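1. Have a look at this prediction, sequence included:
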Amino acid sequence: MAAYGSTMPEVHETIAEFRAVLDQSRAQGQAIGLVPTMGYLHQGHASLLRQATVDNDLAVATIFVNPLQFAATEDLSTYPRDLDHDLALADECGIAHVFMPTVAEMYPEPILTTVSVAGITARFEGAARPEHFAGVATVVAKLLAIAGPCRAYFGEKDFQQLAVVRRMVADLSMPVQVVGCPIVRDHDGLALSSRNVYLSPGQRAAAPALYRGLRAASAMAATGERSVDAVLAPLRAAVVAAPGAVLDYAAVVQADTLEPAATVVGEQRVLVAVGFGATRLLDNVGLG
């Protein structure tokens, strides 16, 4: 397996160059791990990068801020970027190659083909951001087509996104193993996210209420409680009590389909989305 921090990653800006590197590695019998990102990497990303390095002979990452997943009301230009930091962190985690294309390289012409995953995208983040998951699925499908057979690593924090990618890969018989990695949290339980940089000091102090509420919901389910409303009650209460927090949704869903659960039983997930001013935070915890 690749060694951590051996050399700075080699940066590739063209599809042809990145694809050729991975094809050559596979021809030599190497297993490839791919971590797709939009950059501005933090320790949550680092956990994916490290896992890819541990599991595979060659670990690579992509950094591409994908315009397809931004709505007209969202400012693509303000998405945080720090490429020097990103490459240094990738190096520390053992990443050998980074694919960092321009928008023109990824989309040389207006894109006419998009990928839509029905059902899973209909609720929650899909309802709040109707164009988002088609943009995510399309760019991930393109990155996986460029990379070829590999393991692809995604964090469980964006659990709906992970479910969308898993279903897309299964439905389209892609030669890819999707690996979901556990959420990485700050010292007070807040899930690490690039969005956290937008929180004011007061909002940051209140934001750990999401995880406190999720833990309380999980504890309620662990007592044998089967009522969805009863399990969600302490989560909703924790969010309502947090200064400045506005609850968008709290739900118990089936872990594979994201269908809302009628009762608490089996492999399920509690999802929550909360607004702090213009900043939207997502979190979740597993049940069963």
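-> Now that the structure is in, tell me what you want to look at. Residues are numbered from 1 along each chain as shown.
2. okay, and for the chain, where does confidence drop off?
-> Counting by pLDDT under 70, the chain shows low-confidence ranges at 1-7.
3. any chance you could map the helices in it?
-> Taking DSSP state H, the helices of the chain run over residues 15-27, 43-55, 83-92, 103-106, 125-128, 132-147, 159-171, 201-206, 209-222, 228-241.
4. Put together CSV for those helices, with distance to Asp186 and mean neighbour count on each row.
-> Backbone N, C-alpha and C define where each C-beta goes, glycine included. Shown next, in CSV, are the helices of the chain (distance: least, Cβ to Cβ, whole Å; neighbours: other Cβ atoms under 10 Å):
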stretch, distance to Asp186, mean neighbour count
helix 15-27, 33, 15
helix 43-55, 9, 21
helix 83-92, 17, 17
helix 103-106, 32, 14
helix 125-128, 22, 17
helix 132-147, 25, 21
helix 159-171, 18, 21
helix 201-206, 9, 15
helix 209-222, 9, 20
helix 228-241, 17, 18
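5. For Ser194, find the nearest of the ones you listed.
-> Closest of these to Ser194 is helix 43-55, at 8.7 Å (criterion: Cβ to Cβ).
6. So which other helices or strands are in contact with the closest one?
-> For helix 43-55, the packing partners by 3 or more Cβ pairs under 8 Å, 6 or more residues apart in numbering; DSSP states H and E come out as strand 32-37, strand 58-63, helix 83-92, strand 150-155, strand 176-181.
7. Now find how far off-centre that helix is within its chain.
-> Distance of helix 43-55 from its chain centroid, counting by Cα atoms, centre = their mean, to the nearest Å, is 13 Å.
8. can I get the CA coordinates of that helix in CSV?
-> This file holds the C-alpha atoms of helix 43-55, laid out as CSV (Å, rounded to 0.1, in the frame of the first residue of the first chain):
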residue,chain,number,x,y,z
GLN,A,43,-10.1,16.3,8.7
GLY,A,44,-13.4,14.7,7.6
HIS,A,45,-11.9,14.5,4.1
ALA,A,46,-8.6,13.4,5.5
SER,A,47,-10.3,10.3,7.0
LEU,A,48,-11.5,9.4,3.5
LEU,A,49,-8.1,10.0,2.0
ARG,A,50,-6.4,7.9,4.7
GLN,A,51,-8.9,5.0,4.3
ALA,A,52,-8.3,5.0,0.5
THR,A,53,-4.6,4.8,1.1
VAL,A,54,-4.9,2.0,3.6
ASP,A,55,-7.3,-0.1,1.4
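9. quick one: contacts of that helix?
-> Contacts to helix 43-55, defined as Cβ atoms under 8 Å, 6 or more residues apart in numbering, come from residues 1-2, 4, 31, 33-35, 37, 41, 59-61, 89-90, 92-95, 151, 153-155, 157, 179, 181-184, 191-193.
10. Just the buried ones from those residues?
-> Among the contacts of helix 43-55, those scoring as buried are 2, 31, 33-35, 37, 41, 59-61, 89-90, 93-95, 151, 153-155, 157, 179, 181, 183-184, 191-193 (criterion: 16 or more other Cβ atoms under 10 Å).
11. In TSV, list the helices of the chain along with distance to Glu267.
-> Listed next are the helices of the chain as TSV, based on distance: least, Cβ to Cβ, whole Å:
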stretch	distance to Glu267
helix 15-27	33
helix 43-55	21
helix 83-92	33
helix 103-106	35
helix 125-128	20
helix 132-147	22
helix 159-171	12
helix 201-206	31
helix 209-222	12
helix 228-241	15
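12. now for the ones you listed, which one comes closest to Leu281?
-> Of all the helices of the chain, helix 209-222 comes closest under Cβ to Cβ, at 6.2 Å.
13. packing partners for the closest one?
-> helix 228-241, strand 268-276, strand 279-287.
14. Out of these, the one nearest Ala206 is which?
-> strand 268-276 (7.0 Å).
15. Help me confirm that Ile95 comes into contact with Met8.
-> No. Counting by Cβ atoms under 8 Å, Met8 is not a contact partner of Ile95; they are 9.4 Å apart.
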